[in-house]
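Participant: predicted model, plus sequence, below.
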Amino acid sequence: MYKGHKVAVVIPALNEEQAISIVVRNLITLMFDEQAVIDNVIVCDNGSTDNTAKVATANGAQVVHQSTPGYGIACLTAIAKLPSCDIVLFVDGDDSCFVDQALSLLNGIVNGDDLAIGSRTLGTIENGALTKPQLFGNWLSSHLITLFWQQKTTDLGPFRAIRFSSLHTLNMADTSFGWTVEMQVKAIILGMQVSEYAVDSKVRIGQSKISGTVMGSIKAGIGILSMIATLFIRQSSVKNTAQLKGSEYE
């Protein structure tokens, strides 16, 4: 619990046997004011062929399973099993972030944010932590969000916290790579308080299933840009429809 708020963690994981124990232990042992911060950790094993699930369970996480591949569907599967909580923290299972920096994200929610994004761009990126395609894709997507929705955005980082009630309102649907941008853009469209906080990133343990392959990088890029385009077109359509309806009474 953090400042009177129950905190649950969602970790989508695919073949993270080497890293998942570190991530789960660091979360469970995270303390603030001599009190454990994290109340529950839910790992969604997204079809791993190694011992990810077994290791996660042994280190204190609740494990759920989703055989259909996809970052978004793994998150949705874990969310469906969330216990009663006030804040949901999203963390990747590859040990690429510094778990103690979650406190700044949680503090943002406690102080009024609906969504607190951990921005790697605002923090320190360890050499090799992000590939050049990742850096460019993140820059492009962030600039498009800033341009289309007039909300300064620097990162689509997966390390983030959201108020549970706000998460429910967003009605998340993407099952693949558009998950993070769907969350951010929907929150902006609905007028939620979205803030960014500097977080540092380090070289992950093991090979990335996305940036570690050319095809993975291409699919991720297409998924993210497609989601931005879809949400922009959808919002524009709604605005045009509203304007047309309004003109009937002029």
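Facilitator: Yep, it's here. Note that the coordinates shown come from a computational prediction; the quantities given were computed from them, not determined experimentally. Numbering: from 1, shown residues only.
Participant: what residues of stretch 156-174 count as buried?
Facilitator: 156-164, 166-167, 170, 172, 174 (16 or more other Cβ atoms under 10 Å). For glycine as for every other residue, the C-beta is placed from the backbone atoms N, C-alpha and C.
Participant: typed the wrong thing, it's stretch 44-54
Facilitator: 44-48, 51-53.
Participant: and for stretch 104-118?
Facilitator: 105-110, 113-118.
Participant: so of those, which ones are in helices?
Facilitator: 105-110 (DSSP state H).
Participant: quick one, what contacts the spatially most central residue of the chain?
Facilitator: The residue lying closest to the centre of the chain (Cα atoms, centre = their mean) is P158, at 3.4 Å. For P158, the contact set (Cβ atoms under 8 Å, 6 or more residues apart in numbering) comprises 90-92, 180.
Participant: again with W149
Facilitator: Listed by Cβ under 8 Å, 6+ apart, the contact set of W149 reads 185, 188-189.
Participant: how about 10 Å then?
Facilitator: 184-185, 188-189, 194, 228, 231-232, 235 (Cβ atoms under 10 Å, 6 or more residues apart in numbering).
Participant: coming back round to it: tell me the spacing between the closest residue to the residue nearest to the centre of the chain other than its chain neighbours and Q35.
Facilitator: Distance criterion Cβ to Cβ, 6 or more residues apart in numbering; nearest residue to P158, sequence neighbours excluded, is D92 at 5.2 Å. Computed as Cβ to Cβ, to the nearest Å, the D92 to Q35 distance reads 25 Å.
Participant: same check on S176?
Facilitator: To Q35, S176 is 37 Å away according to Cβ to Cβ.
Participant: just F159 next, same as before
Facilitator: 22 Å.
Participant: who has more neighbours out of S176 and Q35?
Facilitator: S176 (19 against 9; other Cβ atoms under 10 Å).
Participant: for that one, which non-adjacent residue is spatially closest?
Facilitator: Closest to S176 by Cβ to Cβ, 6+ apart is G70, at 4.4 Å.
Participant: now swap in Q151 and tell me
Facilitator: Closest to Q151 by Cβ to Cβ, 6+ apart is I188, at 4.7 Å.
Participant: can you tell me the element the one you found falls in?
Facilitator: Remark: I188 resides in helix 179-189, with elements defined by DSSP states H and E.
Participant: and what of I11?
Facilitator: Under the assignment here (DSSP H and E), I11 is part of strand 7-13.
Participant: tilt between the helix or strand just after that strand and strand 7-13?
Facilitator: The helix or strand immediately downstream of strand 7-13 is helix 20-28, counting by DSSP H and E. With axes from the mean of the first three to the mean of the last three Cα atoms, to 10 degrees applied, the angle from helix 20-28 to strand 7-13 works out at 170 degrees.
Participant: in helix 20-28, what's buried?
Facilitator: In helix 20-28, counting by 16+ other Cβ under 10 Å, buried: 20-24, 26-28.
Participant: same question, stretch 58-69
Facilitator: Those would be 59, 61-64, 66, for stretch 58-69 by 16+ other Cβ under 10 Å.
Participant: compute the first-to-last residue distance for that stretch.
Facilitator: By Cα to Cα, to the nearest Å, the extent of stretch 58-69 from end to end equals 24 Å.
Participant: averaged pLDDT, that stretch. What do you get?
Facilitator: For stretch 58-69, the mean pLDDT works out to 97.
Participant: next one: stretch 31-42
Facilitator: 97.
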